[in-house]
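>>> pasting the sequence and the predicted coordinates here, then a few questions.
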Amino acid sequence: MPTFQSNPVKPSKLARTVKKYPLLFGAPFCLIIVCASFGMQAFTQTRYDLQDRKIKQISDEQALGLARAKKKIDIREEYFKLSAVSDHDWEQKRIARPPGLPEWGVPPTESTVPKNAKS
């Protein structure tokens, strides 16, 4: 008994048109994608312009006030602050192992040892 036929008994008019002219349906789809990309560009640019406007709302007077209040940084002063912090006030503590675990960890199982490794 033969399997299903690859072609229908009586193909519809739409199926024949798609088979004969595949660009008839592919070209409009690609055209819509490209046009939508250019259309969305305007919305995206508006979004970024609004974000820039929010950021630049600080006035010149406020900017000058911030510049005056800014503290000058001396690299030597920062170095001495960091070197004064002690890194030696800790001690190493051993954590108790879970019960049943040997001192040096778990030995490898048969599945983790390579098969061509010689014992």
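That came through, no problem. Remember, it's a predicted structure, so these values are computed and weren't measured experimentally.
>>> tell me how many other residues surround V18.
14 (other Cβ atoms under 10 Å). For glycine as for every other residue, the C-beta is placed from the backbone atoms N, C-alpha and C.
>>> then T17?
With other Cβ under 10 Å as criterion, T17 counts 13.
>>> offset the numbering so it begins at 176, please.
Sure, I'll start counting at 176 from here, so that last one is T192.
>>> who's in contact with it?
By Cβ atoms under 8 Å, 6 or more residues apart in numbering, the residues touching T192 are L199.
>>> quick one: mean pLDDT for the strand or helix carrying it?
Applying DSSP states H and E as the criterion places T192 in helix 188-195. In this model, helix 188-195 has a mean pLDDT of 86.
>>> what's the single longest helix in the protein?
helix 198-230 (DSSP state H).
>>> which elements pack onto that helix?
When contacts are defined as 3 or more Cβ pairs under 8 Å, 6 or more residues apart in numbering; DSSP states H and E, helix 198-230 packs onto helix 188-195.
>>> what is the least confident helix or strand in the protein?
Across the helices and strands of the chain, the lowest-confidence element by mean pLDDT, DSSP states H and E is helix 235-244, at a mean of 69.
>>> next structured bit after that helix?
helix 250-259.
>>> gap between that next one and the chain center?
37 Å (Cα atoms, centre = their mean, to the nearest Å).
>>> check stretch 191-203 too.
38 Å.
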